[in-house]
Every structure is written in C-alpha cells, then in structure tokens.
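**Q** 3D, please:
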Amino acid sequence: MQFHLNGFEPGDPEISDPDARVLASGTSGSVPAEVDVLIIGCGPAGLTLAAQLSAFPDIKTCIVEQKPGRLPRGQADGVACRTMEMFHAYGFSERVLKEAYWVNETTFWKPDDGKCENIVRSGRVQDVEDGLSEFPHVILNQARVHDCFLDVMRKSPAKLEPYYARRLLDVHTSPTARFEDHAVTVSLERLDAGHEGEIETVRARYVVGCDGARSTVRKSIGRELRGDSANHAWGVMDVLAVTDFPDIRFKSLIQSASDGSILVIPREGGYLVRLYVELANLDAGERVAARNITSDDLIAKARRILNPHTLDVKEIAWWSVYEIGQRLTDKFDDVPEEEVATRLPRVFIAGDACHTHSPKAGQGMNVSMQDAFNLGWKLASVLRKRSGPQLLHSYSAERQAVAKELIDFDREWAEMLASAKGDNKGADAAETQNYFIRHGRYTAGTATHYSPSVLTAEADHQHLAKGLVIGTRFHSAPVIRLADAKPVHLGHVAKADGRFRIFVFAGAGDPAASSSPVRSLCDFLGESPKSPVRRYTPAGADIDSVIDVRAVFQQAHTELAIEAMPPLLLPPKGRYGLRDYEKMFCPDLKGGHDIFAMRGIEGKAGCMVVVRPDQYVAHVLPLDGHAALAAYFDGFMLRAG
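**A** Residues are numbered from 1 along each chain as shown. Model prediction:
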C-alpha cells in the first residue's frame, strides 16, 4: 500500500476521507464501581491484555487511560516476527501485513576509506533468517497497532471500550481480604470536559499497571526502576523527504567517521521514513531537554552523517529527543520474594512500567505486548476457576527473566550503534553487521526460552520433537488439512482464546487401526476419568473448550479415510452437535514441507506436544505418556465444577 504522499495523515489508509480515518473510541459515563480486572493505560501492553480478556464476557474488565482519546500517531513502530505470530492469534495479522513496511534486508554503511567524511555501503544482510517464522519483520505505526486491538475489543463478546481522561491517583490493597474479594481499591480523577476534578473509585480483584515508565501503579507497590544512568542523547523523527541516499527504503545502519550514527527505518506507505540520529554524550545528571535541541538540529546532523548524499525534509510528522538508559524492576507484581509462599499477587505491572531501554532494537513494544499475552490467559484461567491463584506467581517469574535478557542485549546494541568516537577508528561496520546477524533470533522475538516450572516441563522427551523446544514458542509449519485438502499453517489454529493445545504427531503406522497409539491416546483423552480433557472441561461445554486436541498424520491426505479416525478428532460441538472437521492434518508433501522432518519429530514413534495458551511449548511426551500428561495438567488446573 502507498499512502502519505501529500503529507502524513493518521488513521486507516483504506478510508479515502482523511476526516473519517480515525474512528471514535472510548465509552461515556462513570467507570464501574466493581470489576474483576482494572487495567491502567491504553498503550501496547494494556490493549493486548484488554483484547485478551475481552474474549471472556464472564470476566468484568475495565481499562482506563489518562489521555483524552485514542493515540493518533505512535512512537514505536517495529513489529517482530514473534509479535506477528501473536497478532495472528488475535485475528489481525493479515491487516498488518497489508499495511506495514516489510523489513526484508538491512544494509550497513561506514566511512569511505579514501575520503572519511563520506559514507559508503559496506554490506547487506537478509533481515530474518530463512525458516525462522512464517511471518516477516514489519514496521507499522504504534497507533495503528492500537487501532487493531481496539477493533478486537469492540467486536469481542465483552464489547470492551476504554474509559479515557482518567488520571490514576491511588492504589490500595486490603491486607486482610480473601482471595475472592475485590481487594484492590483504586481512585481515579476525571479530566474530561464537564467532569473535571470528579473522583471515581473502583474496587477490583486484580489491577494491572500498563502506565509507562513513570508508572503510578509501580510506585504504589513499592517497586522502582533501577539501572544505568542515561548519558547518551539521540533524536528521532518521522519525515517525508527527498534524498539521493540510495538505501532510503532499506533498514540501514550508518556509522560516520566523526558525526555519529543514524539508523534508517522506512515506514509504511512507501514515502515516510524514520531516522534515529545520534546526538551527543551527556554530562553526569544532565537531561537532554537542557540542550534545547530543535528539529532543525536533527536535520542538520542527519545531513552531515549522510554526506555526500542530500536530504531535503519536506514535512516532519513527529520528532523527539531522548536519553538512552536501561532500567529494570526486580519483580512484576506486589508480592515480595520472601512472601511468595504465603501471599498471592493482586497488582501487576507490564511493559515500560517494569523495563525501559533504547528503541533502536525494536524490542520495547514487542516485549511489552508479550508481557501482557503471558499475563492475560493466566488471569482468565484463575478468574474462570480453571486454575488456582498460585498460577499468577509465574507471570513475574517468567517475564522478569525475559526483561533482564532484553536489558543486557539492548545495552550492548546501543553501545554498538554509538561506537563512532570521532577519531575515524570508532565505527566498525563489520563488527556491527556480525553482531546483527548473531542476534537475529533475539531481535525477531523468537529467542525467549522459559525455564522449567509448573507450566514448563523438564525436557525428558525432547528427542521426540527436537525442533519444538520446551519453553520456546511453538514453531509453526505448513500442513494440509485432511477434511478439505486446504494448505494451512499448523500454528495458526492457536488463537488468543485461553485454550491449551495438544498436538498429536502420529507414528508411522495406520492411525485408524485399533492398535494405533493415536487411537489409544484419543480414547484416553475422550473417555477416561483421568483424562485432563474430561477432568477440566465443564459439564455441558464443548469437549475442546479448555484443551484443544489436534492430530498430524504422516501419510498424504489422499491415503487416509477421515471417517475411520478416532471420534475425539471429529467432535460434535455447539447446540446442534455439528462435527468439527478441522482437527486433523497431514504433511504438505506436494509443497515439499514435511512437518515431521522440518521440526525434527520422531517419525517411527511420533509424540504429543502440549502448547500453552500464549503459544509456548509446555511439554513433549510419547504417545503412550497418558499418566505424565494428566500429571502435567493436575499440577496447576482445577477440576471443573
């Protein structure tokens, strides 16, 4: 798609009338007096969480925001491959793919050896390695990401809309409250016209602070961001410009001899481009605001770095200056480490409220949304009485470790990009390029690896599925759906609906045979009183409403009779008992994509792979590991009433 040709215009580019592109958002009236979950902040983390919880109309969710309305233009823009996988679970990946800029290659520029005041291209690399994800790394304005989540919320069973113009004043948790009580009391000040200064009080079972780096929620639970002082200044601007720099539509890392570095990020629409411009070192305790840097200063610096190429800026859609600093809080909930065994969390923080860093690795928005995706299904599971509240301890344990890795990576990357020291020797383009390649999986968002816990099993049977590593995200692959021969991606069945998945990878034999391990497993799951499917599915609910079982066979789809398969894989559902024909798959042999070979799955014996609601591999077991499968779910789930 091409847009922004005659100036930057926020909103949906498919709507011709610029005045109609930004849809109204928000709900009127007073906030509810009592809710299950109160979310503070309509940034990426808050909206990810709200969209997840909006799938459950039995959970009363409220989200509030201090700003007067939806974001018209956003600061963040990088969307990692892993985040695109998550977007597909929410149902809007195709919309993002159509509108966004695709980062296909990254180029590197260095000082010209013969004339150091000029820059020359020193290399180019493929941005994401082959096979890492079915989705690309893309660039899309944060405001448009917000729009996608707001649309999910609006169309959801809960029909959730934010309450804007609410400033958080206070968060207080009753120390004597029972687990089922609305133990957290929150005070909000209205800022909207006609209601200025009015105070609203909300009582919630859980509060989640997605309220940014200056988080009031974080301060209310006694947490603080700790880390490096911000001692290096950068500028950023989104511009419509005319230039003869040949790589203006490539992501480019430019290191000059004496004027610092620029990171070029092409933006959606074909014309807009973002420039991150290195400015200066700051003195101890100095803030960049004291320098009174203007947009003209950024443009002048960019021109010097791009020499001998020209840059004629026609319009600045947005610009800012900031200091680089990496900060992290020690825990993402309100329970001190020494009280974890005796106290349950009530208040959580996510996103910038718990970790801040430079924007140039494109990780901030992505990691923040993954924080919320991790927390959302757990809150839903506890509130819907499918898991005990102890499960909520796992949020801080898992995500704080991920944030620590992010901070360490970002510190190294920021130093790498700011390596030019003005001595004609500081810029090492080869080192920058090699570092970029080595850490490609991290920047793609696919390197997260959760440690063993009640949710993430030990790797005793990892050899059965070497490419689906326990604790990492489920790596999708192409398959053919048995019922209709449609080519699909197996991972795309995992929606943001709070369900666990069991992927049954059949062995080499006939899966329809009475002695087949697949049939034995399906009989156990569908009929045994010890089956986690039977044990944890509420009476009267569809058999796949809590744990969704899917099977992948080794034979071509033309060699199997769907009517001969185990009944669990053709479950009757809904008020009419209609059959679900989308539970069985075969390898895409015609396309040359054998999922068993691609993901290192043991071909003779097969295996089963358990996947969490946030798309992470929880367990790998042999097909006859019935007891171990039951024991896994028994570790954290509650029997259906």
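
**Q** Using the centroid of this protein, identify the residue furthest from it.
**A** Distance from the C-alpha centroid of the chain, by CA atoms, centre = their mean, peaks at G114 (44.7 Å).

**Q** Quick check: D523 vs R534, distance?
**A** Using CB to CB, to the nearest Å, D523 is found at 11 Å from R534. Where C-beta positions appear, they are placed from N, C-alpha and C, glycine not excepted.

**Q** ok, now P571?
**A** 13 Å.

**Q** Then F596?
**A** In terms of CB to CB, F596 sits 29 Å off from R534.

**Q** Which of the two has more residues huddled nearby?
**A** Using other CB atoms under 10 Å as the criterion, F596 and R534 rank with F596 on top: 20 against 17.

**Q** For the residue lying closest to the more buried one once chain neighbours are set aside, which residues are in contact?
**A** Using CB to CB, 6 or more residues apart in numbering and skipping the chain neighbours, the partner closest in space to F596 is G603 (5.4 Å). Shown in contact with G603 (CB atoms under 8 Å, 6 or more residues apart in numbering): G507, A508, Q554, F596.

**Q** Check the last one and give its pLDDT.
**A** As summarised for this prediction, F596 has a pLDDT of 97.

**Q** Count the residues that sit near the nearest residue to Y581 once chain neighbours are set aside.
**A** Leaving aside its sequence neighbours, Y581 sits nearest to A483 (CB to CB, 6+ apart; 3.8 Å). For A483, the count of nearby residues is 15 (other CB under 10 Å).

**Q** Kindly list the single helix or strand of the chain that scores lowest on mean pLDDT.
**A** When each helix and strand of the chain is scored by mean pLDDT, DSSP states H and E, helix 429-438 comes last, with a mean of 74.

**Q** So the residue nearest the centre of the chain versus K67, what's the distance?
**A** Centrality entry for the chain: nearest residue to the mean C-alpha point is Q370, 3.5 Å, by CA atoms, centre = their mean. Going from Q370 to K67 by CB to CB gives 23 Å.

**Q** Could you do P111 as well?
**A** 43 Å.

**Q** For the two, work out which one has more neighbours and name it.
**A** Under the criterion of other CB under 10 Å, the comparison of P111 against K67 puts P111 first, with 25 against 16.

**Q** Show me which positions of the least confident helix or strand of the chain end up buried.
**A** A429, T432, Q433, F436 (16 or more other CB atoms under 10 Å).

**Q** Among those residues, find me the one that's closest to A51.
**A** Using CB to CB, F436 comes nearest to A51 of the buried residues of helix 429-438, at 31.9 Å.

**Q** State the pLDDT value of A631.
**A** On the pLDDT scale, A631 is placed at 98.

**Q** P13 contacts V22, correct?
**A** No - the pair P13 / V22 is not scored as a contact, 11.4 Å apart, by CB atoms under 8 Å.

**Q** Show me what the longest helix belonging to the chain is packed up against.
**A** Counting by DSSP state H, the longest helix found in the chain is helix 393-417. Judged by 3 or more CB pairs under 8 Å, 6 or more residues apart in numbering; DSSP states H and E, helix 393-417 is in contact with strand 327-328, strand 355-356, helix 364-383, helix 429-438.

**Q** Just the angle for it relative to helix 364-383, thanks.
**A** Orientation check (axes from the mean of the first three to the mean of the last three CA atoms, to 10 degrees): helix 393-417 against helix 364-383 gives 180 degrees.

**Q** gap between helix 393-417 and the chain center?
**A** Mean-position distance between helix 393-417 and its chain equals 14 Å (CA atoms, centre = their mean, to the nearest Å).

**Q** buried residues in it?
**A** 393-400, 402-403, 406-407, 409-411, 413-414, 416-417.

**Q** And the average pLDDT for it is what?
**A** On average, helix 393-417 scores 85.

**Q** same thing with stretch 550-560?
**A** Mean pLDDT, stretch 550-560: 96.

**Q** ok, residues contacting it?
**A** Identification of contacts with stretch 550-560 by CB under 8 Å, 6+ apart yields 479-482, 485, 490, 493, 501-508, 511-512, 518, 522, 565, 569, 583-587, 589, 595-596, 603, 606.

**Q** The residues you listed, buried ones only, as a PyMOL selection?
**A** Filtering the contacts of stretch 550-560 down to the buried ones (16+ other CB under 10 Å) takes a single PyMOL command:
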select buried, resi 479+480+481+482+490+493+501+502+503+504+505+506+507+511+512+518+522+565+569+583+584+585+586+587+595+596+606
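
**Q** residues contacting D510?
**A** Residues near D510 by CB under 8 Å, 6+ apart: S516.

**Q** where are the low-confidence patches of the stretch 251-400 of the chain?
**A** Scanning the stretch 251-400 of the chain with the threshold set as pLDDT under 70 gives 281-290, 324, 358-362.

**Q** all strands for it, in order.
**A** Secondary structure of the stretch 251-400 of the chain (DSSP state E, counting those that start in this stretch): strands located at 251-255, 261-266, 273-281, 311-324, 327-328, 347-349, 355-356.

**Q** Turn these into TSV, columns for distance to G43 and mean neighbour count.
**A** As requested, these are exported to TSV (distance: least, CB to CB, whole Å; neighbours: other CB atoms under 10 Å):
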stretch	distance to G43	mean neighbour count
strand 251-255	24	26
strand 261-266	20	22
strand 273-281	19	21
strand 311-324	16	17
strand 327-328	17	18
strand 347-349	12	29
strand 355-356	13	26
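
**Q** what's the closest of those to T185?
**A** strand 347-349 (11.2 Å).

**Q** Which strands and helices lie in contact with that closest one?
**A** Packing partners of strand 347-349 (3+ CB pairs under 8 Å, 6+ apart): strand 199-209, helix 216-220.

**Q** any idea of the mean pLDDT in the helix or strand harbouring L168?
**A** Assigned by DSSP states H and E, L168 belongs to strand 166-173. Per-region confidence: strand 166-173 scores 97 on mean pLDDT.

**Q** and what of stretch 69-80?
**A** For stretch 69-80, mean pLDDT is 86.

**Q** Stretch 570-577 too?
**A** Per-residue scores along stretch 570-577 average to 96.

**Q** got it, and stretch 496-515?
**A** What stretch 496-515 shows for mean pLDDT is 95.

**Q** How about stretch 209-225?
**A** Averaging pLDDT along stretch 209-225 gives 95.

**Q** Ok, stretch 18-33 next?
**A** 88.

**Q** What lies in contact with it?
**A** Applying CB under 8 Å, 6+ apart, the contact partners of stretch 18-33 are 9-13, 15, 60, 62, 64, 69-70, 72, 147, 150, 161-164, 166, 188, 200-203.

**Q** what distance separates the start and the end of that stretch?
**A** Counting by CA to CA, to the nearest Å, you get 38 Å between the two ends of stretch 18-33.

**Q** Tell me which residues of that stretch come out buried.
**A** Residues of stretch 18-33 classed as buried: R21, V22, S25, G26, V31, P32 (neighbour count, 16+ other CB under 10 Å).

**Q** now, among those, which is nearest to Y101?
**A** Nearest to Y101 among those is R21, at 18.6 Å by CB to CB.

**Q** Need the nearest residue in space to that closest one, chain neighbours excluded.
**A** The shortest distance from R21 to any non-neighbouring residue, by CB to CB, 6+ apart, is to G11 (2.8 Å).

**Q** residue contacts, that neighbour?
**A** If you count contacts by CB under 8 Å, 6+ apart, G11 has them with P18, R21, V22, L23, P72, D147.

**Q** Kind regards, and thank you for your time.
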